[in-house]
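Peer 1: pasted the sequence and its predicted model underneath.
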Amino acid sequence: MTNKNVSLLDYTIATFFGAGFFPKIPGTFASIIAIIPLLFIPFSLKFITIFSLIILFFFISIPSIKKIEHKHGSDASIIVIDEILGMWLIYLSPIIPITWISIILGLVLFRFFDIIKPGIIGKLNNKEGALYVLLDDITAGLFSAIILHSFYLIYRFVFLIYFF
């Protein structure tokens with residue numbers, strides 16, 4: 001049996017450096033906070049940096065989420081690392097720049113899918129366990145990325161036809 005004592009490191013990871021302790025709407029607050037590190041990544045390193053962060057936090061967060069859930073209940077509101085990973089996934093694409101427009105669109109799309117939980121997102125959300133805590137938000141991020149990616153591809157296509 002694993003040790004269920006929750007360490008400061010577990011809280012730091014699962015709450016993304018305390019963002020999960022925000023008193024109101026911690027998921028939305030964390031989604032906004034997720035953008036901050038992305039603003040400092042050079043475009044040439046964007047994909048590899050975001051990909052590495054997603055993989056790193058995905059694997060290190062599972063044991064922390066398990067411990068937090070054991071103490072605070074299933075998918076406790078203080079667990080926001082899932083929102084962070086979902087938001088980061090949106091900006092993984094080299095086509096989606098990190099601009100104020102893409103930040104706002106990505107945030108709105110992600111929060112829509114994360115709150116409404118249509119289809120597979122809702123099914124994943126209804127399952128218990130640390131993996132599913134992550135997967136529903138990662139799927140919401142994937143849906144948001146697909147839509148945002150489509151917007152940018154259409155924009156580029158229309159721009160190309162209109163100006164050339």
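Peer 2: That came through fine.

Peer 1: return the helix or strand in this protein with minimum mean pLDDT.
Peer 2: Counting by mean pLDDT, DSSP states H and E, the chain has its least confident helix or strand at helix 130-163, which shows a mean of 90.

Peer 1: same for that one, what does it pack against?
Peer 2: helix 46-72, helix 81-90, helix 100-116, helix 120-125 (3 or more CB pairs under 8 Å, 6 or more residues apart in numbering; DSSP states H and E). The way it works is simple: take the backbone N, C-alpha and C, and place the C-beta from them, glycine included.

Peer 1: measure Ser144 to Glu128 for me?
Peer 2: 24 Å (CB to CB, to the nearest Å).

Peer 1: my error: substitute Ala76 in the last question.
Peer 2: On the measure of CB to CB, Ala76 and Glu128 end up 12 Å apart.

Peer 1: look at those two and report which has more neighbours.
Peer 2: Taking neighbours as other CB atoms under 10 Å, Ala76 and Glu128 compare with Ala76 leading, 18 against 11.

Peer 1: test my guess that that one contacts Lys67.
Peer 2: No: the criterion here is CB atoms under 8 Å, and Ala76 misses it with Lys67 at 10.8 Å.

Peer 1: not counting sequence-adjacent ones, nearest residue to Leu134?
Peer 2: Excluding its sequence neighbours, the residue lying closest to Leu134 (CB to CB, 6 or more residues apart in numbering) is Asp82, at 5.0 Å.

Peer 1: cool, and Ile60?
Peer 2: Ile13 (5.9 Å).

Peer 1: show me the contacts for that neighbour.
Peer 2: Residues in contact with Ile13 (CB atoms under 8 Å, 6 or more residues apart in numbering) are Phe57, Ile60, Ser61, Ser64, Ile81.

Peer 1: just checking, Ile78 touches Phe21?
Peer 2: Yes: if you go by CB under 8 Å, Ile78 and Phe21 touch, sitting 6.1 Å apart.
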